[in-house]
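# would you be able to build a 3D model of this:
(chains A and B)
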Amino acid sequence: MAYRPCASTAASVSNETHLFPFISRPSLLQLRPPQRTLKFHSQKPLLSITQVSLQEHTFTTNSGDADSPDEKSSNPYVWVNPKSPRASILRKKSHDFRYATLVKVADSLDSCGSVEEDIMSVLDTLGDEIVEQDAVIVLNNMSNAEIAPLVLDYFQDRFGISGRVVLYNVTLKIYRNCKDLNGAENLFGRMLERGIKPDNVTFSTIISCARHCNLPDKAVEWFEKMPSFGCEPDDVTYSVMIDAYGRAGNVDVALSLYDRARSEKWRLDAITFSTLIRIYGTSGNFDGCLNLYEEMKAFGVRPNATVYNTLLDAMGRAKRPWQAKSIYREMVGKGVEPTWGTYAALIRAYGKARYGEDALAVYREMREKQLELTVVLYNILLSTCADVGFTDEALEIFEDMKSSGTCTPDSWTFASMITIYSCSGQVKEAEATLTEMLEAGFEPNIFVLTSLIQCYGKAGLIDDVVRTFDRLLESKITLDDRFCGCLLNVVTRAPKEELGKLTSCIEKANPNLSTVVKPLVNGVNIKGEIFKKDASELFNSISNDVKKAYCNCLIDLCVNLNQLERACELLDLGLTLEIYTDIMSRTPTQWSLNLKSLSPGTALTALHIWINDLSKAFENGEELPSLLGINTGHGKHKFSEKGLAGVFQSHLKELNAPFHEAPDKAGWFFTTKIAATTWLESRRSHDVAAA
DNA sequence: AGTTCTCTCA
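Here you go, the predicted structure:
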């Protein structure tokens, strides 16, 4: 029969007398167990005849042990040769039973209120002959930090057991499990008062307690106290301190401890390496992660799943999904069984890098293996689907999540679903999901409203954009740069007659942005210098991660409104402020125009400037390289207007430019020096003729 | 009797 821990008070212990043959109600009342005959000795049981027979008796009656029938029916008072296998089985059984008994006592103690009598009663059931090992086992199996110190005191007061540090160390573990550093520190103080000298175990337990409490600085503080108590840190201390320093953001110290451990030839285990890899990973030193992994193998430490999981996680952070993939292959190749954490790390790595298919493959494998996904993992998958435009897949995952029975959608989930519908222009579905979200008790947040604005904007429902915007203003939600960026994006695709409605939204949302947008929309002719000054003020006021999006939108707006000069001014500013980098690059053999992540208008403007630069270089008699290339990129997002390649093909034709799409390099258009020269030549003569 | 192991974005 399985033991079910009871959660109530000590009184309930007595109701489970079938589990505690030596506990009965009278014993609780008299504070003394009546059955003195059942004694256990935790130290090597003396294999006296009575002893053995009693064990035997206990086992056959209590657990219905499947001994052979004739053994069961045999006289319990037989002598058993202490060296026989039978004796060793009995010894083990005796030990196991004693241990199980003590664990049950620990459970009962945990569920005592802090009523002294209750605690006493439970402890009394153990009898008088308690040895230190019993006390250790009881405390080691307790989890109630309020009761534990009382129990410790009782062991001392009633049985005189308290003289050794081990009892305090196991009690400290309880505080650690309860994340109660204060309690642990108090107990440490009491140890000192009682003249108990702390040892390495004491310190590593307190240190890890601090670490579990998210107080890495405290961990460091305790580590530094060690020498004053005559304790010299050992390999376990170093392992936990490497972690603590890492979490305290003190990467250098963590690594120097590693150096020290290495030079002192301490055996570092795989998990310590995984800790180190994690430290490198969180500090952004991704090559450091890989180096450490190699070093670890060179030391002959076999990587386990934890090491691989940490590495995969680091490669995810590094946005190197291909490396995650090859590490995963290596892991499987070496026969290391992937764990839940492996799949989670892969989903993160692939998801972050928009490797939609790969992320989905991992998801399917998890389903196949019946591994449960968490809300977080579902959300990552859904936002990946949103990023790459997997509408159907997202719906499937969303349904799976709802029917999983283990997790329910949260505001993040709904936000992703609304984003997905918004990107594909499914207004009705987005609105239905919004309703579902409200019904589930979530208020729309800034992310949801941003998506909705995008959704309505895409569908040309400008009045709904304005309505949503007003709703946001009424709410307590504060606008962010991303939201304003989306609003700006709506402006770039709205029909001219609707622009007024939107500019008044922008005026309320962000005055700096309004200053730049208004003259464009109203066609007011202001000086280029002033325009650039206003624009750079805007860029200085917004966060780095949206600068490119703003600049792209503004340039698109200029191009749409046929203000090419303004477009060039903005692109120029964007290059100066390093919002755009590496658009135009030159090597001795190739000059390139890199248009990846540029909006269509920005890309056209950049092409315009680049061709002008080419002409200038040609006029100045500069040597052209053997190859000239334009990279339009190939958008991973299904909704991103199929990349720029299509737009460019026709535009290049219009310009009569001799660039041709490369058959083997997606998104690239190339021309040779000879073709380029001929073309630039003809452009020049054309210009001259026009002049 | 001690350590490190599994979490989110636009």
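
# please make it C-alpha for all contacts and neighbour counts, starting now.
Fine.

# for the stretch 501-650 of chain A, which residue gets nearest to DNA strand B?
A:Asp545 (8.9 Å; Cα to the nearest atom of the strand).

# beyond the one helix or strand that residue maps to, next helix or strand please.
Element membership of A:Asp545, judged by DSSP states H and E, is helix A:544-560. As assigned by DSSP H and E, the chain's next helix or strand after helix A:544-560 is helix A:564-576.

# so how far is that following helix off the chain centroid?
Counting by Cα atoms, centre = their mean, to the nearest Å, helix A:564-576 is centred 39 Å from the centre of its parent chain.

# angle of that helix against helix A:544-560?
160 degrees (axes from the mean of the first three to the mean of the last three Cα atoms, to 10 degrees).

# what does helix A:564-576 rub up against?
Contact with helix A:564-576 is made by A:528, A:532, A:535-536, A:548, A:551, A:554-556, A:558-559, A:580-581, A:602, A:605-606, A:609, as judged by Cα atoms under 8 Å, 6 or more residues apart in numbering.

# only whichever of these are buried, select them in ChimeraX.
Here is the ChimeraX command that selects only those of the contacts of helix A:564-576 that count as buried (16 or more other Cα atoms under 10 Å):
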select /A:532,535,536,548,551,554,555,556,558,559,580,602,605,606,609
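
# for the nearest residue to A:Ala219 once chain neighbours are set aside, pull up the helix or strand it's in.
In this structure, A:Ala219 finds its nearest non-sequential neighbour in A:Ile207, 4.6 Å apart by Cα to Cα, 6 or more residues apart in numbering. Here A:Ile207, judged by DSSP H and E, is contained in helix A:200-212.

# which positions within that helix qualify as buried?
For helix A:200-212, by 16+ other Cα under 10 Å, it's A:200-212.

# is DNA strand B within reach of it?
Yes. Using Cα under 7 Å from any atom of the strand, helix A:200-212 comes into contact with DNA strand B via A:Asn200, A:Val201, A:Thr202, A:Phe203, A:Ser204, A:Thr205, A:Ser208, A:Arg211, A:His212.

# which residues touch the helix holding A:Asp545?
So helix A:544-560 is contacted by A:481-482, A:485, A:488-489, A:491-492, A:517, A:520, A:539, A:564, A:566-567, A:570-571, A:574, A:579-580, A:598-602 (Cα under 8 Å, 6+ apart).

# give the rounded mean pLDDT of it.
Per-residue pLDDT values over helix A:544-560 give a mean of 95.

# next one: stretch A:93-108 to chain centre, how far?
39 Å.

# actually stretch A:317-326, not the one I wrote
On Cα atoms, centre = their mean, the centre of stretch A:317-326 falls 15 Å from that of its chain.

# ok, now stretch A:516-527?
That offset, for stretch A:516-527, works out to 45 Å (Cα atoms, centre = their mean).

# what is the end-to-end distance of it?
By Cα to Cα, to the nearest Å, the extent of stretch A:516-527 from end to end equals 12 Å.

# now that stretch: average pLDDT?
Per-residue scores along stretch A:516-527 average to 92.

# cool, stretch A:379-398 as well?
The model assigns stretch A:379-398 a mean pLDDT of 94.

# how distant is it from the center of its chain?
For stretch A:379-398 - counting by Cα atoms, centre = their mean - the centre lies 19 Å from the chain centre.

# can you show me the CA trace of the host helix or strand of A:Lys616 as PDB?
Assigned by DSSP H and E, A:Lys616 falls within helix A:600-619. Taking C-alpha atoms only, helix A:600-619 is exported to PDB below (Å, rounded to 0.1, in the frame of the first residue of the first chain):
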ATOM      1  CA  PRO A 600      10.700  49.600 -50.900                       C
ATOM      2  CA  GLY A 601      10.900  53.400 -50.900                       C
ATOM      3  CA  THR A 602      14.200  53.400 -49.000                       C
ATOM      4  CA  ALA A 603      15.600  50.800 -51.300                       C
ATOM      5  CA  LEU A 604      14.700  52.800 -54.400                       C
ATOM      6  CA  THR A 605      16.200  55.900 -52.900                       C
ATOM      7  CA  ALA A 606      19.300  54.000 -52.000                       C
ATOM      8  CA  LEU A 607      19.500  52.700 -55.600                       C
ATOM      9  CA  HIS A 608      19.200  56.200 -56.900                       C
ATOM     10  CA  ILE A 609      22.100  57.400 -54.700                       C
ATOM     11  CA  TRP A 610      24.200  54.400 -55.500                       C
ATOM     12  CA  ILE A 611      23.800  54.900 -59.200                       C
ATOM     13  CA  ASN A 612      24.700  58.500 -58.900                       C
ATOM     14  CA  ASP A 613      27.800  57.500 -57.000                       C
ATOM     15  CA  LEU A 614      28.700  55.000 -59.700                       C
ATOM     16  CA  SER A 615      28.300  57.700 -62.400                       C
ATOM     17  CA  LYS A 616      30.500  60.100 -60.400                       C
ATOM     18  CA  ALA A 617      33.100  57.400 -60.000                       C
ATOM     19  CA  PHE A 618      33.000  56.700 -63.700                       C
ATOM     20  CA  GLU A 619      33.300  60.300 -64.600                       C
END
